[in-house]
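*Asks:* Give the three-dimensional model of this entry:
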Amino acid sequence: MRSIIFVALALAPPTAAAAGEVQIPRNAPGDKGRYFLLESKRDGEIIKTLHKRIGVDGVGYTRCEINCKTRQIRDIGYSEEGPTNIKPDPTKWYDLVPGSSKSDMVVFVCKQ
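*Replies:* From the prediction side, this is the model:
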């Protein structure tokens, strides 16, 4: 039985998304990372998100706040150890760089 489980895990793609994760479509062909929306909660005009990036060298988790009306974003915190390890350290609101992963995330989140 253990060998069957081991084989199943060995054959599973290393970047498979867990249930409840929604892959964020990317427009930039050069980025080797894959982005997944884990949470999205509206609080008035602001959408609070949690997303993860699975990259070549590791996984990172970011909490952000998005203002769909102004198309601005601010980062709330980041951790490579998991979402529960994110310590809030909010940035100022900033404009998006077209084609960036954050830009793609805002377009994706604001469509919902």
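*Asks:* List the buried residues of stretch 51-63.
*Replies:* Residues 51-54, 59, 61-63 are the ones in stretch 51-63 that count as buried (16 or more other CB atoms under 10 Å). (C-beta placed from N, C-alpha, C; glycine too.)
*Asks:* Endpoints of that stretch, how far apart?
*Replies:* 7 Å (CA to CA, to the nearest Å).
*Asks:* And stretch 63-75, by the same measure?
*Replies:* End-to-end for stretch 63-75, by CA to CA: 6 Å.
*Asks:* Give me the buried positions along it.
*Replies:* For stretch 63-75, by 16+ other CB under 10 Å, it's 63-68, 73.
*Asks:* Which of the buried residues of stretch 51-63 fall within strands?
*Replies:* The members of the buried residues of stretch 51-63 that map onto strands under DSSP state E are 51-54, 59, 61-63.
*Asks:* Just the mean pLDDT for stretch 27-41, thanks.
*Replies:* For stretch 27-41, mean pLDDT is 89.
*Asks:* tell me how far it is from the chain's mean position?
*Replies:* From the chain centre to the centre of stretch 27-41 is a distance of 5 Å (CA atoms, centre = their mean, to the nearest Å).
*Asks:* Need the CA coordinates for that stretch. CSV is fine.
*Replies:* The C-alpha trace of stretch 27-41 is given here as CSV (Å, rounded to 0.1, in the frame of the first residue of the first chain):
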residue,chain,number,x,y,z
ASN,A,27,0.0,37.6,-20.0
ALA,A,28,3.8,37.7,-19.6
PRO,A,29,5.4,34.8,-21.4
GLY,A,30,8.8,35.1,-19.7
ASP,A,31,7.6,34.6,-16.1
LYS,A,32,8.2,31.0,-15.0
GLY,A,33,6.1,31.4,-11.9
ARG,A,34,2.5,30.2,-11.6
TYR,A,35,0.1,32.3,-9.5
PHE,A,36,-3.0,31.1,-7.6
LEU,A,37,-5.7,33.1,-5.9
LEU,A,38,-6.4,31.6,-2.5
GLU,A,39,-8.8,34.2,-1.0
SER,A,40,-10.7,37.2,-2.2
LYS,A,41,-13.0,39.2,0.1
